[in-house]
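Novice: The following block contains a protein sequence and its predicted model.
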Amino acid sequence: MARLELIVLLVTFTTCLVRAEDGFLKEPPDYIKECRIADKDFVNCSTHSIQQLFDKLNDGIPGLTSIRSFDPFYLNRIRITQGNSNAINLKVELANVKIIGFGHTNVLDSQVFKKDYSWKTTFTLPEMKLQADYSLFGRILLIPLNGKGQVFLDAENMTVTMHTKTRLYSKGGFTFYNVTNLHVDFKMDGLKSYFSNLFNGNKQLEDSTNKFFNDNWRMLADALYTVITQTIEDILLDVLKKIFHFIPANFFVSDIPTPEQLYGRAKPKPK
Ligand SMILES: *[C@@H]1O[C@H](CO)[C@@H](O)[C@H](O)[C@H]1NC(C)=O
Ligand SMILES: *[C@@H]1O[C@H](CO)[C@@H](O)[C@H](O)[C@H]1NC(C)=O
Ligand SMILES: *[C@@H]1O[C@H](CO)[C@@H](O)[C@H](O)[C@H]1NC(C)=O
């Protein structure tokens, strides 16, 4: 009898351990507002809910240790080859990238589409600063460049529209979002930039080119469009994947279907 109790205790204990390792929330946290997609005010509700999530990300989501820091956010490397026109023909590599500003995200609109549970999210970043080691080969605004140094970018009032694809899956009796793809567009009100060592130490040419970039910031923003979108996409995809493997989708959309309800039952595999 005592032995049976011991076994039961062990089994319970092991189950607890496994649950802890699974690493996902089982109770709705107080920092998320649950919304019903069937309700008329869903978009307004969801907008507030996602804002609360971003606010919480700043202090860190309890239990989610894989996101070490959101603001500043660190990326090891970004590599981009873009364009083949006269204005843009560029190979850029950024390393040791530090991005400041995602902690002040203002969510303007958060839509979720019932058809496939993809999202369209619009938000503003009053300020986004990027600092990195760069190497650059090609042309920006017709200027031939071949340099390595440090870059500083400071984007003002960015408005970002994010299109996210998801695939629903089941875990522990909940429905989860698998964030599979993310694409952003942006516009901004200003871009300050500084590239050190643009011409291997020719300070005069470096200064005049940096001044030229700042005077023509809209053209520079266009030239760096892919670099900037790629940076934002890399950050958000990484962060959102981690969040939504950790927090059930049910805690955001209480009436979300199960994957079976949305996609239909999986057909038995042919032998
Ligand atoms: C939008 O949601 C907020 C917070 O839930 C609420 O205070 C506000 O009244 C809502 N606005 C509209 C127009 O429904
Ligand atoms: C999520 O999607 C990726 C493909 O984008 C797939 O490799 C992965 O297994 C999926 N994860 C889950 C938990 O469904
Ligand atoms: C950014 O937006 C704020 C608030 O709308 C505005 O006061 C400021 O002038 C804008 N900055 C630029 C560079 O337009």
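Specialist: In hand now; what should we look at? Ligands and ions are numbered 1, 2, ... in the order given.

Novice: Next, give phi and psi for the nearest residue to K129 once chain neighbours are set aside.
Specialist: Leaving aside its sequence neighbours, K129 sits nearest to I100 (CB to CB, 6 or more residues apart in numbering; 4.4 Å). All C-beta spots, glycine's among them, are computed from the backbone N, C-alpha and C. Dihedral pair for I100: phi -110, psi 140, per degrees, to the nearest 10.

Novice: Is G147 in contact with G201, as I believe?
Specialist: No: with contact defined as CB atoms under 8 Å, G147 does not reach G201; the gap is 9.6 Å.

Novice: Can you pick out the residue with more neighbours from these two?
Specialist: Taking neighbours as other CB atoms under 10 Å, G147 and G201 compare with G147 leading, 19 against 10.

Novice: So that one belongs to a strand, correct?
Specialist: Yes: assessed with DSSP: H, G, I helix; E, B strand; the rest coil, G147 lies in a strand.

Novice: need the contact list for it.
Specialist: Residues in contact with G147 (CB atoms under 8 Å, 6 or more residues apart in numbering) are Y134, S135, L136, F195, N197, L198, F199, N200.

Novice: Look up how far D71 lies from it.
Specialist: Distance, G147 to D71, using CB to CB, to the nearest Å: 29 Å.

Novice: And for R79?
Specialist: Taking CB to CB, one finds R79 at 24 Å from D71.

Novice: And for H183?
Specialist: For H183, the distance to D71 - CB to CB - is 22 Å.

Novice: Most neighbours among the contacts of G147, which one is it?
Specialist: Going by other CB under 10 Å, L198 tops these with 26 neighbours.

Novice: my guess is that residue contacts K211, does it?
Specialist: No: contact criterion CB under 8 Å: L198 and K211 do not qualify, at 11.6 Å.

Novice: List the buried residues for the host helix or strand of Y169?
Specialist: Using DSSP states H and E, Y169 falls within strand 143-171. Across strand 143-171, burial judged by 16 or more other CB atoms under 10 Å covers 145, 147, 149, 151, 153-155, 158, 160, 162, 164, 166-168.

Novice: Equivalent analysis for stretch 53-65, please.
Specialist: Applying 16+ other CB under 10 Å to stretch 53-65 flags L53, F54, K56, L57, I61, L64 as buried.

Novice: mean confidence for that stretch?
Specialist: What stretch 53-65 shows for mean pLDDT is 92.

Novice: what sits against A155?
Specialist: Counting by CB under 8 Å, 6+ apart, A155 has contacts L125, E127, M128, K129, L130, M188, G190, L191, A221, I228.

Novice: hmm, 10 Å instead?
Specialist: 101, 125-130, 186, 188-193, 217, 221, 224, 228 (CB atoms under 10 Å, 6 or more residues apart in numbering).

Novice: Pairing partners for it in the sheet, please.
Specialist: Applying DSSP bridges to A155 gives these bridge partners: M128, L191.

Novice: Whichever of the contacts of A155 end up buried, select them in ChimeraX.
Specialist: Here is the ChimeraX command that selects only those of the contacts of A155 that count as buried (16+ other CB under 10 Å):
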select :101,125,128,129,130,186,188,191,193,217,221,224,228
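
Novice: Near ligand 3, list only the ones from the contacts of A155.
Specialist: Under the cut-off given by CB under 6 Å from any ligand atom, ligand 3 has D189, G190 from the contacts of A155 close to it.

Novice: any idea which element the nearest residue to N146 once chain neighbours are set aside lies in?
Specialist: Excluding its sequence neighbours, the residue lying closest to N146 (CB to CB, 6+ apart) is F137, at 5.2 Å. For F137, the host element (DSSP H and E) is strand 119-140.

Novice: is it true that I247 touches S49?
Specialist: No: with contact defined as CB atoms under 10 Å, I247 does not reach S49; the gap is 11.1 Å.

Novice: what sits in contact with each of the two?
Specialist: Y31, I32.

Novice: of those two, who's got more company?
Specialist: More crowded of I247 and S49, by other CB under 10 Å: I247, with 23 against 20.

Novice: Mind picking the two most distant members of the buried residues of stretch 53-65?
Specialist: Farthest apart among those by CB to CB are F54 and L64. That separation is 13.8 Å.
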